[in-house]
Each structure stands twice: as structure tokens, then as C-alpha cells.
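**Student:** Build me a model:
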Amino acid sequence: MPLCMERLVKLRPHRRRRRRHLGPDSPEAKRMRTALEMHDLGVRMYAQQMRRKNPQASEEEIDAMVKAWLIGSPRERENREEGQR
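**Tutor:** Numbering: from 1, shown residues only. Coordinates of the predicted model:
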């Protein structure tokens, strides 16, 4: 259990709830699958955009660009996009 949750449990022991098992067909699991599919689609779209903008780049270079984009902070991405305009 994360430290913040331990503190919350200590502060509010009366609010403890039993955790229910979430199966693969639960609404939460479906939402998570949808979110992961959307993330994957976004990454593939960005890779395709990098291929269009850099037609001479190899697949290894495209992969490096995508990884740098994924690792970078949102502020870095904003600055990079503003510089391209």
C-alpha cells in the first residue's frame, strides 16, 4: 500500500472499505483497456507524423524520436511544437 494511503487509513480508519476483486469484464477494466488502446493509437500516430516530417530517417531514428517524445515533459513538448511553427 502506498505511503499516502497508509496515512489516510490511519487518519480515517472508519472509512476503510473492503477491496473488491475487479474482473476482466468490469467497467473499470474496460475503461483501462480503452485508455491503453487510445495511448497506443496516439503513439502510432506520432510515429507516422515523424515519418512524414523526416522521410530520410531510419526506423531506429523514428523509434528514438518517439521515445524522446514519450519521456519528455508536457512543457518540453509544447516548446518543441512552438519551435516547429
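**Student:** and N54, how many neighbours does it have?
**Tutor:** If you count neighbours by other CB atoms under 10 Å, N54 ends up with 12. In short, each C-beta sits where N, CA and C put it, glycine included.
**Student:** ok, now how distant is it from G83?
**Tutor:** Per CB to CB, to the nearest Å, N54 is found 15 Å from G83.
**Student:** Torsion angles phi and psi at N54?
**Tutor:** Dihedral angles of N54 (phi, psi; degrees, to the nearest 10) stand at phi -130, psi 70.
**Student:** Look up how far E61 lies from it.
**Tutor:** In terms of CB to CB, N54 sits 7 Å off from E61.
**Student:** same check, this time on R44
**Tutor:** R44 is 16 Å from E61, by CB to CB.
**Student:** repeat for G72
**Tutor:** As defined by CB to CB, G72 lies at a distance of 16 Å from E61.
**Student:** and if you look at N79?
**Tutor:** According to CB to CB, N79 and E61 sit 21 Å apart.
**Student:** which of the residues in stretch 48-65 are buried?
**Tutor:** Of the residues in stretch 48-65, 50, 62, 65 count as buried by neighbour count, 16 or more other CB atoms under 10 Å.
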